[in-house]
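K.L.:
Predicted model, plus sequence, below.
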Amino acid sequence: MQNIFQLLDCTLRDGGYYNNWKFSKSLIQKYLSQISETKIRNVEVGFLTIPRANNKGITANCDNDFFKKIIIPKNINCGVMINASDLLTNKLKSNQIYKILKNINKSNVKFIRIACHIHEVSKVKKYFSFIKKRGFKVFINIMQISEITEKQIKVLCKEYHNLCDIICIADSLGSLDTKKTKWILNSFKKFTAKPLGIHAHDNMNKAFSNTIVASKNGATWIDSTIQGMGRGPGNTKTEDVSKYFYGKESSTYKKIKKISKDFLKLKKKYKWGTNQYYHLSGLHKIHPTYIQMLLSDSRYKNFNYKKIIKNLKKQSSKKFDPNELYSAMNFYEKNLKEKNIIKSKNYFKKKIIIFGNGLSLKNSILFRKKIISSATIVVVNRSNYVKKSLIDIMAYCHPLRIISDIDYLKKTKSKLLLPYFGLPENIQKKISKKRVINFDLNLQTKFKLNKKKITMSKPLGLIYTISYFITKGFKKIYIAGFDGYSPDDPFGDETQYYLKILKKNFTDAKVISLTKTRLKL
């Protein structure tokens, strides 16, 4: 391998999308020690999340406290990544962000990479300038590079001529082929002499071939991860690039194969890798996290994934933001006239059971005990375990689930509890108003609840459904099949946080789980 090439392993950073960055300290230390025995000198140990993400693991928060716990071998150049979105869309003021950046210890961190979408590039220049003046080697990582134009490349190269040391192209959507990869690299070379790099995703099983083509067309910084561990289907494998650049008989390749065994155990657990669904996401430029979420979440088991992907293709799905469909809309001032399914005088004496799709329901004795009767209202947030004939109400508020289940929603005879007027018109038209119980959802930070609407930061199905029945006066709300999230689940949400708020503000309402759960009720 020629010396101009620099291999950069980012396993602990990109791999965290599968285990919520909860790598054990012993694994991190072993990995760094073994990498130091190879010719790979550049390691991205994780994100520097701004502000600190306390719900995520150790390699999502690579601040000075992190480096007090981990020993970095002297021959390793250690780096961190910062998301441009952290610099632009959080509650911190610029001076607070500058303070965090100023505290980065140069003895620990040798390079900093800032990941930007092309529309964010001009907005974060001041932070690049600040980091550059402090003496760090600075990368700009351009995400969703498959969507870039030559005009945008020209502007970027001009704007960042003095602000960064390396420009890295990141195929976030996994949509590149070798022809487009070559065009992008050659387009950059027209406008800059900066070193170039590539970070490839393997949606279409082209990450390695795109990486090699990039290396032959000007990319001197090569990203990879052990076992390809990374968001969605994963990345170019460090095993493959070390074999290609150093040779099968090299000590570097043999050492990497040894490291690989530890991460193979994680691969068997989390099951990343290219498959037909990631291939379709790359083909249709759908953000791979949508597919990762579908495949990783037991609630989507046995769904028709191809139909879901077909529906996602019709939406704007290049950026992973389940809230996007709601946040850009204003709710209608008018409301549907509610047609509750219960009209009897004993309405509030009915028992409410909200069913989820947790594994705790599988082979559950609940159904054998016949707890469902004429005195029970069965509400389902989507479950594989409840017979359709037993369901009174289907409850939805999550954009992805509404899009995924639109064909089911058109056909079901159950009542539908959802924020109907917050939906796009094309989806509204597919749902019969006669079956709708409208309960508005407003996505804002501060929690509010009244008889017509709930306001919270994210579309959380269980909180949405419980809150509706609290406004209807129910004192006991039973749930089943809501198992909660394990600490290493990257898709963990704020359900527990909002349950605590409901418990504090509605002391006369009690939520009771009929199945085993991690949720604290």
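P.N.:
Received the coordinates, thanks.
K.L.:
Give me the below-cutoff pLDDT ranges for the stretch 301-450 of the chain.
P.N.:
Within the stretch 301-450 of the chain, the segments meeting pLDDT under 70 span 301-304, 314-349, 367-370, 400.
K.L.:
Helices along that one, start to end?
P.N.:
Listed in chain order, the helices of the stretch 301-450 of the chain (DSSP state H, counting those that start in this stretch) span 305-313, 324-327, 399-404, 406-411, 425-428.
K.L.:
Other residues contacting the first one?
P.N.:
So the one you mean is helix 305-313. Here helix 305-313 makes contact (C-beta atoms under 8 Å, 6 or more residues apart in numbering) with 277, 280-281, 284, 286, 290-291, 294-295, 300, 400, 403-404, 406-407. (C-beta placed from N, C-alpha, C; glycine too.)
K.L.:
From the chain's centroid, how far away is it?
P.N.:
A distance of 18 Å separates the centroid of the chain from that of helix 305-313, by C-alpha atoms, centre = their mean, to the nearest Å.
K.L.:
Over to the third one?
P.N.:
Distance of helix 399-404 from its chain centroid, counting by C-alpha atoms, centre = their mean, is 16 Å.
K.L.:
Please, which helix or strand holds the residue nearest to the spatial centre of the chain?
P.N.:
By C-alpha atoms, centre = their mean, the chain has its centre lying nearest to Thr289, at 5.4 Å. Using DSSP states H and E, Thr289 sits in helix 288-296.
K.L.:
Name the residues of that helix that are buried.
P.N.:
For helix 288-296, burial by neighbour count (16 or more other C-beta atoms under 10 Å) applies to 288-296.
K.L.:
now the residues you listed as JSON lines including pLDDT and distance to Asn103?
P.N.:
Formatted as JSON lines, the buried residues of helix 288-296 follow (pLDDT from 0 to 100; distance: C-beta to C-beta, whole Å):
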{"residue": "Pro288", "pLDDT": "76", "distance to Asn103": "33"}
{"residue": "Thr289", "pLDDT": "76", "distance to Asn103": "30"}
{"residue": "Tyr290", "pLDDT": "74", "distance to Asn103": "35"}
{"residue": "Ile291", "pLDDT": "77", "distance to Asn103": "37"}
{"residue": "Gln292", "pLDDT": "78", "distance to Asn103": "33"}
{"residue": "Met293", "pLDDT": "73", "distance to Asn103": "34"}
{"residue": "Leu294", "pLDDT": "73", "distance to Asn103": "39"}
{"residue": "Leu295", "pLDDT": "76", "distance to Asn103": "38"}
{"residue": "Ser296", "pLDDT": "72", "distance to Asn103": "34"}
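K.L.:
of those, closest to Ile50?
P.N.:
Set against Ile50, the nearest of the buried residues of helix 288-296 by C-beta to C-beta is Thr289 (20.3 Å).
K.L.:
can I assume Phe128 sits in a helix?
P.N.:
Yes: assigned with DSSP: H, G, I helix; E, B strand; the rest coil, Phe128 falls within a helix.
K.L.:
mind listing what it touches?
P.N.:
Residues in contact with Phe128 (C-beta under 8 Å, 6+ apart) are 114, 138, 140, 160, 163-164.
K.L.:
The helices of the stretch 301-450 of the chain: which one's closest to Lys446?
P.N.:
helix 324-327 (14.8 Å).
K.L.:
sorry, back to before: looking at the helices of the stretch 301-450 of the chain, which is buried most?
P.N.:
Most buried of these, by mean neighbour count (mean count of other C-beta atoms under 10 Å): helix 399-404, with a mean of 22.
K.L.:
thinking again about what came up before, now render the helices of the stretch 301-450 of the chain as TSV, adding distance to Lys350.
P.N.:
Shown next, in TSV, are the helices of the stretch 301-450 of the chain (distance: least, C-beta to C-beta, whole Å):
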stretch	distance to Lys350
helix 305-313	33
helix 324-327	30
helix 399-404	26
helix 406-411	24
helix 425-428	29
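K.L.:
how close does Ile198 sit to His119?
P.N.:
Counting by C-beta to C-beta, to the nearest Å, the separation of Ile198 from His119 is 21 Å.
K.L.:
wait, what's in contact with the residue lying closest to Ser281 once chain neighbours are set aside?
P.N.:
Closest residue in space to Ser281, ignoring its immediate chain neighbours: Ile291 at 4.8 Å, by C-beta to C-beta, 6 or more residues apart in numbering. Contacts for Ile291 (C-beta under 8 Å, 6+ apart) come out as 232-233, 277-278, 281, 305, 309.
K.L.:
Can you report how many residues neighbour Leu449?
P.N.:
Residues within reach of Leu449, counting by other C-beta atoms under 10 Å, total 19.
K.L.:
these two touch, right, it and Thr471?
P.N.:
Yes: assessed by C-beta atoms under 8 Å, Leu449 is found in contact with Thr471 at 6.7 Å.
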